[in-house]
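Undergrad: Have a look at this prediction, sequence included:
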Amino acid sequence: MTAQQNRFSPSGFAAQMQSEREQHDNEPLAPYKEAESQGEFARLADDIRSYLSIPHGVGEDERRQYSETLNRAVLGYSQEREQVLAVIADRLIRLRIHRADHVQHPYHTLAEALFAEVIGLNVLELVLADKDGLEEIQVVGTSIFLVRNGISNPSEYRFDNVREVERIQQNLVLYNNDRINPRKRWAEVMLQDGSRVTMTGFGFTANPTLTIRFYTVRSISLLTLCDPRYRTMNEQIKMLLSAILEARFNIVIIGPTNSGKTNLMKAFIAELPDEERIITIEGRFEMMLGRDFPGKNVIEYMTDEEDDYHRSDQAFKLALRQSPKRIIHAEIRDLDANIYVRACTRGHSGSMTTVHANTLEDVPEAITDMCMQDGRGMNAERLTKRITQYVTEIGIEMALIGGRRLVRRISELSWEIGQVSVKDWVMYDEKKEEWIYPASPSASAALRLAAGGKRYE
């Protein structure tokens with residue numbers, strides 16, 4: 001038996017399971033001709049799937065673009081779907097299969113039927129028909145949840161069985177030269193526009209999962225975030241944040257997923273002069289600064305923690321040799337914590353990052369814990385003091401409240417009497433549904449704000 005015959009086919013497996021269920025329910029067996037038709041359709045689907053998965057294009061750029069087209073087609077982008085449908089139709093012509101009337105399917109053409117099998121998203125096609133404002137699709141087993149405005153709600157649709165979810169997973173990984181199987185039960189797909197798909201298989205999670213996060217972050221300024229459509233902040237907070245940027249405070253941002261951290265970072269970057277050298281380090285290209293700010297002096301790194309040559313700590317080492325004025329780190333992690341701390345204390349003021357922490361009070365200690373994990377002997381208290389004074393000068397907490405992404409706190413962090421002290425300049429009062437201003441900047445912070453060109457009281 002050849003390797004081609006031995007290869008697992010999700011569509012063939014689904015057809016086999018469907019047949020077994022029909023026999024179990026004592027339903028009449030399909031006529032021989034229909035069974036032959038189903039078998040030929042499965043073979044055609046396997047051929048098309050294999051053909052599409054082969055890299056197409058003369059050079060590396062063309063092949064990358066082809067892979068991007070396949071991924072976008074699977075995720076429901078109409079232009080790319082038309083392109084892939086044309087590729088399938090052309091393949092059938094080359095195989096001299098023009099109609100194949102004996103192959104039964106509910107579509108207008110055989111090409112459309114094969115497209116639905118090797119590209120289509122089953123019931124998610126109905127979900128994507130209303131893509132307006134859709135930020136994320138979350139599939140857990142057969143259940144579907146939709147995220148709009150940061151809030152997840154159950155969809156009216158669901159999969160009939162988990163095999164359809166697994167079929168979609170197999171198509172996505174196949175078109176990316178990846179795998180998801182009993183040995184490797186997860187995979188991720190990343191599109192150039194920032195959209196990404198995270199998949200897990202049965203055995204790693206209790207049910208197969210599929211999370212599609214669409215790229216929704218656009219070029220948004222601080223002024224735009226004051227607009228009534230967003231109300232992420234008000235005019236007074238905008239003035240304060242502009243002053244913080246000009247004074248080159250080092251900033252740390254916290255907040256749950258979908259709370260607007262990336263939007264705020266992009267709004268900060270939009271405020272900076274185009275000529276100012278900025279280096280960004282991300283696990284995935286989410287900010288897309290080169291696309292949205294083509295005139296800015298920005299170098300964007302995308303790191304891979306599983307690749308020793310392209311980990312975040314290596315990106316930092318190279319970045320520090322490229323004369324950055326500010327370093328924008330999407331999320332500080334264990335490997336790069338020490339390097340980021342050094343960057344903030346050695347001439348790269350005005351840098352910013354995000355950290356997983358429950359409150360701003362916890363941030364310096366959380367970064368300290370990450371720094372201590374590299375095994376070097378360091379005094380934890382001295383390190384926390386240094387981080388508080390130089391790395392987490394200004395803390396910003398984002399929140400999702402009532403469907404709105406907003407600035408919940410802006411605080412000044414300092415080291416006083418042997419511990420972290422947090423002075424809140426801004427807080428959002430949920431009862432009043434407005435911002436309050438508990439304290440003014442310290443004398444030293446006020447001097448920096450004034451020296452930066454703006455006065456804030």
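TA: Received, thanks.

Undergrad: what about the longest strand in the chain?
TA: When the chain is parsed with DSSP state E, its longest strand is strand 404-416.

Undergrad: Paired strands for it, with orientation please.
TA: The strands beside strand 404-416 in its sheet (DSSP bridges) come out as strand 394-401 (antiparallel), strand 419-429 (antiparallel).

Undergrad: what's across from the most centrally placed residue in the chain in the sheet?
TA: The structure's the chain has its C-alpha centroid closest to residue 196; by Cα atoms, centre = their mean the separation is 5.3 Å. Per DSSP bridges, the residues bridged to residue 196 are residue 190, residue 213.

Undergrad: Now for it: which residues touch it?
TA: By Cβ atoms under 8 Å, 6 or more residues apart in numbering, residue 196 lies in contact with 188-190, 212-213, 284. Glycine gets a C-beta too; all of them are placed from N, C-alpha and C.

Undergrad: Next: residue 230.
TA: Each residue near residue 230 by Cβ under 8 Å, 6+ apart is listed here: 220, 224, 404-405.

Undergrad: wait, doesn't residue 300 sit right on residue 282?
TA: Yes - using Cβ atoms under 8 Å, residue 300 is in contact with residue 282, at 7.2 Å.

Undergrad: which of those two has more neighbours?
TA: Using other Cβ atoms under 10 Å as the criterion, residue 300 and residue 282 rank with residue 282 on top: 21 against 16.

Undergrad: Excluding chain neighbours, give the residue nearest to that one in space.
TA: Of all residues not flanking residue 282 in the chain, residue 330 sits nearest, at 4.0 Å (Cβ to Cβ, 6 or more residues apart in numbering).

Undergrad: again with residue 270
TA: Counting by Cβ to Cβ, 6+ apart, residue 270 lies nearest to residue 221, which is 4.7 Å off, once chain neighbours are set aside.

Undergrad: what about the one you found, how many neighbours?
TA: Residue 221 - counted by other Cβ under 10 Å - has 15 other residues nearby.

Undergrad: From residue 182, how far out is it?
TA: From residue 221 over to residue 182 the distance is 49 Å, taken as Cβ to Cβ, to the nearest Å.

Undergrad: before we move on, the earlier item: the contacts of residue 196: which two are farthest apart?
TA: 212 and 284 (13.8 Å; Cβ to Cβ).

Undergrad: Quick one: mean pLDDT for the helix or strand encompassing residue 43?
TA: Taking DSSP states H and E as the criterion, residue 43 maps to helix 32-53. For helix 32-53, mean pLDDT rounds to 73.

Undergrad: Check stretch 239-259 too.
TA: The pLDDT scores in stretch 239-259 average 94.

Undergrad: start to end distance for that stretch?
TA: End-to-end distance for stretch 239-259: 21 Å, by Cα to Cα, to the nearest Å.

Undergrad: For it, buried residues please.
TA: Burial within stretch 239-259, assessed by neighbour count using 16 or more other Cβ atoms under 10 Å, is assigned to 240-255, 258-259.

Undergrad: for stretch 282-293, same thing?
TA: By neighbour count on 16+ other Cβ under 10 Å, the buried set for stretch 282-293 is 282, 284-289, 293.
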